[in-house]
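Asks: coords please:
(one chain, ligands or ions: 1)
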Amino acid sequence: MIRLFREHEARRVYSLDGLWQLQTENRALDLKALVPGVWERLPELADWRGVATYSRNVRLEADGPVLLRFGGVSHTAEVLWDGEAVGRHYNAFTGFEVLLMQASAGEHLLQVQVDNRFTEASTLHIPNDYMTYGGITRPVEMHLLRQARIAHMTFRAEETDAGSFSVSLEVELQALADCGPMLLSACVAGTGAECDVPPLRRGEIKTLHLSFDVNGIERWCPANPRLYTLDARLRADGCTVDDLRDRVGFRTIKVEGTRIELNRRPVKILGFNRHEDHGQLGCAMTPELMEHDLQLMRSMGANAVRTCHYPNDARFLDLCDEIGFMVWEEHHARALPGEILRKPLFSEQIAKCNEEMIRQHANHPSICMWGVLNECETETEFGRELYARNLGQLRKLDPTRPVTFATCRHYTDLCLDLPDIVSWNIYPQWYEDEPAAEFLRRLLAWSDVHGAAGRPVLISEIGAGAIPGYHDPLRRGKWSEERQADILRDQLLAVLADKRVSGVFIWQFADVRVDEEWAMRRPRTMNNKGVVDEYRRPKMCCEAVRDIFTRESGENVK
Ligand code: ADA
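Replies: This next block holds a predicted model:
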């Protein structure tokens, strides 16, 4: 299922996960492949990039509207229902829906044509320092609907007094047939509200607002990740037409001068950058493995994770909500070259990614900041406009969270006055020779006179590489586990000792596969800067991280 809890009680939801037929275009293969999954885990397709069609039959007992929900397809999906194209979606890392207003009873053929090639039509997926896999990589569901549906809910809660919050809900309804008057109700933490829904015409979308106050609330924070169930119901003539549930939390996240405050108390971020990738499963990780990642991070004293460099699987965010991790989620853009950033198609694709990310994930209490455009062009006037536009779009879509971007344009960045939080990617002693403490002091002094003054600073990436199992205890050469541990220890101590820094995200949690085009820069065709390898076996540096993070978190807010 797409989420880790039941979103609907009244609506009938069927999982379409399992074995689907898979046919590839030019390798003439006809296989069975697991959904969710990546086709690279099939031996015949371990190295393959191309177009493939997933097929399966579905049976409907009665005529009626049907919603097909996809958690994610990597990277372009064309959905066909009995051979007819009914939906299309680009970008592996956001979900999408296909609504069939009137499907007929009986057996149907559902097909998804999947394309993971790097072409002119793709500006976000380019050969990069992580792998663009192929396949239906996140869960698929089929929902049977009645005459109307609750299409979406945005939950916001503002603290009014100690333990009291004012809740505002925006609920989007869609009529799937002509509807008479209905009643919409919603409740959370034992309090709620309702409102009348006027008659709607088939296809009409109507947005309604509900607001109410709740008291006696326990705030969400990493040490006490308290969640509440938000329940919305649509009724006509006393019968339930549709329902929708979400799990929400009450907390405030704000920038106060140079500090980041969670629930009005300064917080120190001790985090990891984490790609969705695993040696065995690629980006289609199971919830058990996601949970294992978070528990491993927690055992090293971490309280935060950055979803580099794209929106993550909703189930991972559900786990962050539940286990208590502060999340930096960012849209999908890693170090894109100038010629891509200047394409009109890029503006379109990144704006859509922003919209989808916020619409799909804004209710997660764990998400504490949004990020844009990792290491793109912050050193030009063109870049400044691009960053201003993207940060502006996010602020407009969600005014409740700080926004940021990770930059590596040391001494040339022109955009440091644009975000709420300034975030630097730095690799002293790995890419640069200077000792970490000096490097940081010099860079932060420069950044404060170039726009960062008065804002919090995060170190969004630090790290070093080690090939798992390669030891060099005497010389401690680069790529050895010993050298990685030395460098990371120095970097972390320097960063956490600097009063100007509000926190750090280590690059990176686990080793990840990279696209073939990166092979010459990346031994094993992997980015080897993980503190654990791609199967989560710890490298030597884990001990240093655990020591430093746990000591620091002793002084951290609870
Ligand atoms: C960058 C980038 C990461 C990764 C890292 C590295 O800072 O943001 O995606 O490529 O460098 O390993 O060099």
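
Asks: tell me where the stretch 301-450 of the chain has strands.
Replies: 304-306, 326-330, 367-372, 403-407, 421-425 (DSSP state E, counting those that start in this stretch).

Asks: max-length strand in the chain?
Replies: Longest strand in the chain, counting residues (DSSP state E): strand 148-161.

Asks: before we move on, back to that, would JSON lines of the strands of the stretch 301-450 of the chain with distance to residue 27 and mean neighbour count be doable?
Replies: Placement of C-beta: from N, CA and C, glycine included. Supplementary listing: the strands of the stretch 301-450 of the chain in JSON lines, determined by distance: least, Cβ to Cβ, whole Å; neighbours: other Cβ atoms under 10 Å:
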{"stretch": "strand 304-306", "distance to residue 27": "36", "mean neighbour count": "26"}
{"stretch": "strand 326-330", "distance to residue 27": "34", "mean neighbour count": "26"}
{"stretch": "strand 367-372", "distance to residue 27": "37", "mean neighbour count": "26"}
{"stretch": "strand 403-407", "distance to residue 27": "38", "mean neighbour count": "27"}
{"stretch": "strand 421-425", "distance to residue 27": "39", "mean neighbour count": "25"}
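
Asks: for the ligand, find the nearest of the ones you listed.
Replies: The ligand lies closest to strand 421-425 among the strands of the stretch 301-450 of the chain, at 4.1 Å (Cβ to the nearest ligand atom).

Asks: in a helix, residue 27, correct?
Replies: No. Applying DSSP: H, G, I helix; E, B strand; the rest coil, one finds residue 27 to be coil, outside a helix.

Asks: give the contact list for it.
Replies: Neighbouring residues of residue 27 by Cβ atoms under 8 Å, 6 or more residues apart in numbering: 44-45, 48, 50.

Asks: coming back round to it: given the next helix or strand after the longest strand of the chain, what are its sheet partners and their directions?
Replies: Once strand 148-161 ends, the next helix or strand along the chain (criterion: DSSP states H and E) is strand 164-175. Within its sheet, strand 164-175 is paired with strand 148-161 (antiparallel), strand 205-214 (antiparallel), according to DSSP bridges.

Asks: now strand 164-175: buried residues?
Replies: Buried positions in strand 164-175, judged by neighbour count with 16 or more other Cβ atoms under 10 Å: 165, 167, 169, 171, 173-175.

Asks: just the CA trace of it, in CSV.
Replies: Written as CSV, here are the backbone C-alpha positions of strand 164-175 (Å, rounded to 0.1, in the frame of the first residue of the first chain):
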residue,chain,number,x,y,z
SER,A,164,-3.8,24.9,22.0
PHE,A,165,-3.8,24.9,18.2
SER,A,166,-6.0,26.5,15.7
VAL,A,167,-6.6,23.9,12.9
SER,A,168,-7.4,24.9,9.3
LEU,A,169,-8.3,22.3,6.8
GLU,A,170,-8.6,22.7,3.0
VAL,A,171,-10.6,19.9,1.5
GLU,A,172,-10.8,19.3,-2.2
LEU,A,173,-13.9,17.4,-3.4
GLN,A,174,-14.6,16.0,-6.8
ALA,A,175,-18.0,15.0,-8.1
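
Asks: pLDDT on that strand, on average?
Replies: Averaged over strand 164-175, pLDDT sits at 97.

Asks: next one: it to chain centre, how far?
Replies: 23 Å (Cα atoms, centre = their mean, to the nearest Å).

Asks: and for stretch 255-271?
Replies: Put simply, stretch 255-271 sits 21 Å off its chain's centre (Cα atoms, centre = their mean).

Asks: quick check: which element contains the residue sitting furthest away from the middle of the chain?
Replies: Relative to the centre of the chain, and counting by Cα atoms, centre = their mean, the farthest-placed residue is residue 474 at 40.9 Å. Here residue 474, judged by DSSP H and E, is contained in no helix and no strand.

Asks: distance of it from the ligand?
Replies: 26 Å (Cβ to the nearest ligand atom, to the nearest Å).

Asks: per-residue pLDDT, that residue?
Replies: pLDDT for residue 474: 97.

Asks: isn't residue 236 up against residue 181?
Replies: Yes. Under the criterion of Cβ atoms under 8 Å, residue 236 makes contact with residue 181 at 7.5 Å.

Asks: more neighbours, these two?
Replies: A count of neighbours by other Cβ atoms under 10 Å puts residue 236 above the other of residue 236 and residue 181, at 17 against 11.

Asks: how close does residue 395 get to residue 354?
Replies: 11 Å (Cβ to Cβ, to the nearest Å).

Asks: how about residue 460?
Replies: From residue 460 to residue 354 the distance is 19 Å (Cβ to Cβ).

Asks: more neighbours: the two, which one.
Replies: Taking neighbours as other Cβ under 10 Å, residue 460 and residue 354 compare with residue 460 leading, 30 against 24.

Asks: picking up where we left off before, would you list the buried residues of strand 164-175 in JSON lines and tack on distance to residue 26?
Replies: Shown next, in JSON lines, are the buried residues of strand 164-175 (distance: Cβ to Cβ, whole Å):
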{"residue": "165", "distance to residue 26": "56"}
{"residue": "167", "distance to residue 26": "54"}
{"residue": "169", "distance to residue 26": "49"}
{"residue": "171", "distance to residue 26": "47"}
{"residue": "173", "distance to residue 26": "45"}
{"residue": "174", "distance to residue 26": "40"}
{"residue": "175", "distance to residue 26": "44"}
